[in-house]
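> How does the following fold in three dimensions:
(one chain, ligands or ions: 1)
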Amino acid sequence: MSQKILDKLDKIEDEAQSVIQEVKNLDDLEKQRIENLGRKSELVKILRSIKDVDPDKRDDIGKKANYVKNKLEETIQTQRKKLVELKLEKEIDEDWIDVTVPPKKLNIGHLHPITQMQQLTENIFTRMGFDIEYPYEIDSEFHNFDAVNIPKNHPARDMWDTFWIEGDNVAITHTSSMQHRIIKSKETPIRTIIPGKCFRNEATDARHEHTFYQVEGIYVDRGITMNNMLGTLKAFFDEFFGQNTNILFTPDFFPFVEPGGMVSIDCSNLSEGFKKVSKGTGWLEVLGCGMIHPKVLEMAGKDPEVYSGFAWGVGLERLIMLKYDIDDIRLFHSGDLRFIRQF
Ligand code: DAH
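Reported below is the predicted structural model:
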């Protein structure tokens, strides 16, 4: 009887050993563990029945049964380690990334040339002590016209052909639309620039757009003169173009300044194209300016007997065209990437 049990234990061990070592995955291994070492397994049955065996044989059978149990547990453990490693290797194989593959070329964008040049302009004037305000793109007729001394039915209104919007509002024709608010609300000295988008109801050509950018500037304090204006503007142009820029002031009419004028820049250093645009004179008009009209100061609550100031308005695209030798203003809003990518 006891020899039979010992033989049976040998058989259990031999069979289980070979099966377990052949198992291909962890699920099957677990099945084998239950079959060979689980509560209902032959081995456990034998272990449980040891108490019924003859006392003098009990020791041998007990030792042998425990030996088989330990052996099988050991084999299962070894096999489990092997299978876990294989599984890991397979996963690593499948998730493998070739870090030597050259990267896909990303098309990273950049700021539009108008934004770049607006930022340059803001930077230059901020360093001169100016602050920055942005206009409302839609504003009241009052702020766009009346408050800068262009009353209703006055012929000067013809200088600005407008898009009208319900409720006496307009798409602003110039960033002078902010003058009144700024002069009224700020304490002197007032030094503010107003870069922003403007709109005109006009036929477009190489030099005119219905949508364009202006930078308005205002300086109000006691004792401000035309000298201050010309000095400020020249300092700006020198920085903007990165070279000494000669300027020329010629009288002109704008309802919100008195005297008013145009500033031209010396384009003899610029390209042939611009010399042609300057009609051979060598001077190119770029900016309207003047001493702020007493009525404009008065309407905004600053006594023109005490305060004076200057203002200007410059078309940003015009300056960029000069700086980069661009011959058609319509390129800026064309969305043509061949143009944009050059900046
Ligand atoms: N607002 C004028 C325009 O759009 C430009 C301008 C001219 C602004 C003279 C000024 C100025 O402040 O003094 O044509």
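
> So in this structure, which helix runs the longest?
Counting residues, the longest helix found in the chain (DSSP state H) is helix 55-94.

> for the residue in the stretch 151-300 of the chain that the ligand sits nearest to, what are its contacts?
Of all residues in the stretch 151-300 of the chain, Gly288 sits closest to the ligand, at 2.6 Å by Cβ to the nearest ligand atom. Where C-beta positions appear, they are placed from N, C-alpha and C, glycine not excepted. Taking Cβ atoms under 8 Å, 6 or more residues apart in numbering, we find Gly288 in contact with 252, 254, 257, 260-263, 312-314.

> Any chance of JSON lines for those residues, columns pLDDT and neighbour count?
Shown next, in JSON lines, are these (pLDDT from 0 to 100; neighbours: other Cβ atoms under 10 Å):
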{"residue": "Asp252", "pLDDT": "97", "neighbour count": "15"}
{"residue": "Phe254", "pLDDT": "96", "neighbour count": "24"}
{"residue": "Val257", "pLDDT": "98", "neighbour count": "25"}
{"residue": "Gly260", "pLDDT": "98", "neighbour count": "19"}
{"residue": "Gly261", "pLDDT": "98", "neighbour count": "23"}
{"residue": "Met262", "pLDDT": "97", "neighbour count": "18"}
{"residue": "Val263", "pLDDT": "97", "neighbour count": "23"}
{"residue": "Trp312", "pLDDT": "98", "neighbour count": "25"}
{"residue": "Gly313", "pLDDT": "98", "neighbour count": "20"}
{"residue": "Val314", "pLDDT": "97", "neighbour count": "24"}
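
> picking that back up, quickly find the element holding the residue of the stretch 151-300 of the chain closest to the ligand.
Assigned by DSSP states H and E, Gly288 belongs to strand 283-292.

> Can you name the residues of the stretch 151-300 of the chain sitting close to the ligand?
Neighbours of the ligand within the stretch 151-300 of the chain, by Cβ under 6 Å from any ligand atom: 174, 176, 216, 254, 256-257, 260, 288-290.

> returning to what we had before: identify the residues contacting the next helix or strand after the strand holding Gly288?
Remark: after strand 283-292, the chain's next helix or strand is helix 294-299, criterion DSSP H and E. Contacts to helix 294-299, defined as Cβ under 8 Å, 6+ apart, come from residues 147-149, 179-180, 183, 220, 256, 258, 303-304, 307-309.

> circling back: may I have the strand holding Gly288 exported as PDB, CA atoms only?
Taking Å, rounded to 0.1, in the frame of the first residue of the first chain, the C-alpha atoms of strand 283-292 are listed here in PDB:
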ATOM      1  CA  TRP A 283      10.200 112.800 -50.900                       C
ATOM      2  CA  LEU A 284       7.300 110.500 -50.000                       C
ATOM      3  CA  GLU A 285       4.300 111.600 -47.900                       C
ATOM      4  CA  VAL A 286       3.700 109.200 -45.100                       C
ATOM      5  CA  LEU A 287       1.900 110.900 -42.200                       C
ATOM      6  CA  GLY A 288      -0.600 113.600 -41.300                       C
ATOM      7  CA  CYS A 289       0.000 115.600 -38.200                       C
ATOM      8  CA  GLY A 290      -0.300 119.000 -36.600                       C
ATOM      9  CA  MET A 291      -0.900 121.000 -33.400                       C
ATOM     10  CA  ILE A 292      -4.200 119.800 -31.900                       C
END
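
> Which ones among the contacts of Gly288 map onto strands?
Taking DSSP state E, the ones among these that sit in strands are 252, 257, 260-263, 312-314.

> So Asp161 is in contact with Glu202, correct?
Yes - if you go by Cβ atoms under 8 Å, Asp161 and Glu202 touch, sitting 5.6 Å apart.

> nearest spatial neighbour of Gly62, skipping sequence neighbours?
Leaving aside its chain neighbours, Gly62 sits nearest to Ile50 (5.2 Å; criterion: Cβ to Cβ, 6 or more residues apart in numbering).

> show me the contacts for that neighbour.
Contacts of Ile50 by Cβ under 8 Å, 6+ apart are 58, 61-62, 65.

> wouldn't Arg310 be in contact with Gly290 here?
Just so we're on the same page, residue 310 is Phe rather than Arg. Yes - between Phe310 and Gly290 there is a contact under Cβ under 8 Å: 6.7 Å.

> The strand holding Gly288: partners in the sheet, and parallel or antiparallel?
Strand 283-292 has the following strand partners under DSSP bridges: strand 257-266 (antiparallel), strand 308-315 (antiparallel).

> how many neighbours does Thr204 have?
Other residues lying near Thr204 total 14 when counted by other Cβ atoms under 10 Å.
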